[in-house]
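Colleague: Below are the sequence and a predicted model; questions follow.
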Amino acid sequence: QNRIAERFEKTILTLPPPPATATSAISNGIDNMSFPSWLQGEWDVTQTLVDVQTPLGLKYIGGPNGSESIAQASLQETKQQLQKPILLKLRYISTTFQNENAVSVVEDRLYNTKQRLNSFAGKSVVASVNYSDVRQSNRQSVLKAGGTMEDPLQTTVVSFKGPAAQKVFVTSHGEMQTPTDGRWAGYEVQRSIFALTNQNTVPPITTDTEYIWELERIDAQHVVGKLRIAGYLNANSDTLYFDARNRAVSLQDYTLDMRRIG
């Protein structure tokens, strides 16, 4: 389990594989990553970018065609956000269906997705966020497993205030089974499909992103931690996909400071 936290120390990361069996809970769309019980509730969060890396070289972040000019502009824009704290609110809720009737704490995906997108944009850009019933992630599966209408699904659809939408799927996750000494680590891999919703003929863009957390409980009201966001290329969108060989092409490291609300 310590291997998850070790991913913060590595420069070359490989995309974690999806579940090995088609009958696993995550492949059936009814399983969410379990956060530690002490994270349940709503939090004021300060998230600060502290490091940016392009471990395979600049061209790999240059869009679908690997343009170095686009990559340079993108990297400079990201570096301008270094040491600038982003303030947002995050919510974690309890569910009982996915862990043999023991309580699990999971992300409120609808609430947290909207918070993150609006906070990092610096303005209100999200019109709505909804769960999506798809073949491997649907409400009926959750209800059959003993869940409720309020339990998060693995797939969300974001409608932006402009002519754009984004669908996000969970493809893999892992976490410490037993947090020790108030410490916890976990990761989740998401696949995002971003598309314009007007008459523009630009094809959808597909990206794979790994989120790695390491959290420490200071006390009941205060949690600190780290978040690493690793970006990977996708075969559907990127000409350099096979050159990257499933290795992360971008790494963004953040510190997290979380203060319980109420």
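Modeller: Nice, thanks for sending it over.

Colleague: So which residues of the stretch 1-150 of the chain form strands?
Modeller: 41-53, 85-95, 104-107, 126-131 (DSSP state E, counting those that start in this stretch).

Colleague: Report the mean confidence score over the shortest one.
Modeller: Which is strand 104-107. Averaging pLDDT along strand 104-107 yields 92.

Colleague: what's the answer for the second one, then?
Modeller: Per-residue pLDDT values across strand 85-95 average out to 96.

Colleague: buried stuff in it?
Modeller: Under the neighbour-count criterion of 16 or more other CB atoms under 10 Å, strand 85-95 has 88, 90-93, 95 buried. All C-beta atoms are positioned from the backbone trio N, CA, C, and that covers glycine.

Colleague: Distance to A185 added to those residues, as a markdown table?
Modeller: Converted to a markdown table, the buried residues of strand 85-95 look like this (distance: CB to CB, whole Å):
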| residue | distance to A185 |
| --- | --- |
| L88 | 21 |
| L90 | 17 |
| R91 | 21 |
| Y92 | 16 |
| I93 | 21 |
| T95 | 21 |
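
Colleague: and the residue nearest to S94 when sequence neighbours are not counted, how many residues sit next to it?
Modeller: Ranked by CB to CB, 6 or more residues apart in numbering and with sequence neighbours excluded, the top spatial neighbour of S94 is V103, at 5.0 Å. Using other CB atoms under 10 Å, V103 has 11 other residues around it.

Colleague: got the contact list for V103?
Modeller: Going by CB atoms under 8 Å, 6 or more residues apart in numbering, V103 touches 37, 94-96.

Colleague: Repeat that for F169.
Modeller: Residues in contact with F169, defined by CB under 8 Å, 6+ apart, are 134, 137, 154-155, 190-192.

Colleague: which ones among those are found in strands?
Modeller: 190-192 (DSSP state E).

Colleague: Columns neighbour count on top of these, output as TSV?
Modeller: Formatted as TSV, the ones in strands among the contacts of F169 follow (neighbours: other CB atoms under 10 Å):
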residue	neighbour count
Q190	18
R191	19
S192	17
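
Colleague: Reformat the residues you listed as CSV; add distance to A220 and pLDDT.
Modeller: Formatted as CSV, the ones in strands among the contacts of F169 follow (distance: CB to CB, whole Å; pLDDT from 0 to 100):
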residue, distance to A220, pLDDT
Q190, 30, 95
R191, 35, 95
S192, 34, 96
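
Colleague: Skipping adjacent residues, who's closest to S34 in space?
Modeller: Nearest to S34 is S104, by CB to CB, 6+ apart, at 4.3 Å.

Colleague: Assess the claim that that neighbour and G147 are in contact.
Modeller: No - counting by CB atoms under 8 Å, S104 sits too far from G147 to count as a contact (10.7 Å).

Colleague: returning to what we had before: closest one to T239 out of the contacts of V103, please.
Modeller: T95 (41.0 Å; CB to CB).

Colleague: Find the nearest non-adjacent residue to that closest one, please.
Modeller: D151 (4.9 Å).

Colleague: Could you report the distance from the residue nearest to S94 to T95?
Modeller: Per CB to CB, to the nearest Å, V103 is found 7 Å from T95.
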